[in-house]
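S.K.: Structure for the following, please:
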Amino acid sequence: MRRFDHIDLLVRNLEEARPFYEALLPALGFEKPAKIAGWIQFESSSPNEVGEFFGLTESPGHVANESRIAFWAASIDEVERLAQIAMDAGARNCEGPSHESPTYYAFFFEDSSGNRFEICHRKV
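M.R.: Residues are numbered from 1 along each chain as shown. Here you go, the predicted structure:
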């Protein structure tokens, strides 16, 4: 069951953000780029339905707040793989990856506009 349809995120400079998101979003499962003027957008592939998408547009005066978008990973190894991709793509203010608790492993980071993200794995 889907939990959301899409995320629209503001960045201060779309061209500055492009390399980061073109590396990160496909690794997170948003592998299908969509060409929309004024946007960077990647969609997930869903065979029988419209997939979720993650879109970015420019707002030069954008100021990030303390909100965070967290992405789920299937394993600790997946958190580490995605963390490396994010760091290689230019993630800022990185923390981890590390155990936040015995059942919660996470990597925290920001994009060039200060938008906050997390990639996490939870064990039951």
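
S.K.: Quickly find the element holding Glu22.
M.R.: helix 14-27 (DSSP states H and E).

S.K.: Return the helix or strand in the protein with minimum mean pLDDT.
M.R.: Here the helix or strand of the chain ranked lowest by mean pLDDT, DSSP states H and E is strand 32-34, holding a mean of 91.

S.K.: Tell me the buried residues in the following helix or strand past it?
M.R.: Next along the chain after strand 32-34, taking DSSP H and E as the criterion, comes strand 39-43. Under the neighbour-count criterion of 16 or more other Cβ atoms under 10 Å, strand 39-43 has 40-43 buried. For glycine as for every other residue, the C-beta is placed from the backbone atoms N, C-alpha and C.

S.K.: ok, now stretch 66-80?
M.R.: Quick answer for stretch 66-80 (16+ other Cβ under 10 Å): 71, 73, 78-80.

S.K.: which helices and strands does the lengthiest strand in the chain pack with?
M.R.: Counting residues, the longest strand found in the chain (DSSP state E) is strand 92-101. Contacts defined by 3 or more Cβ pairs under 8 Å, 6 or more residues apart in numbering; DSSP states H and E place strand 92-101 against helix 76-89, strand 104-110.

S.K.: Noted, bye for now.
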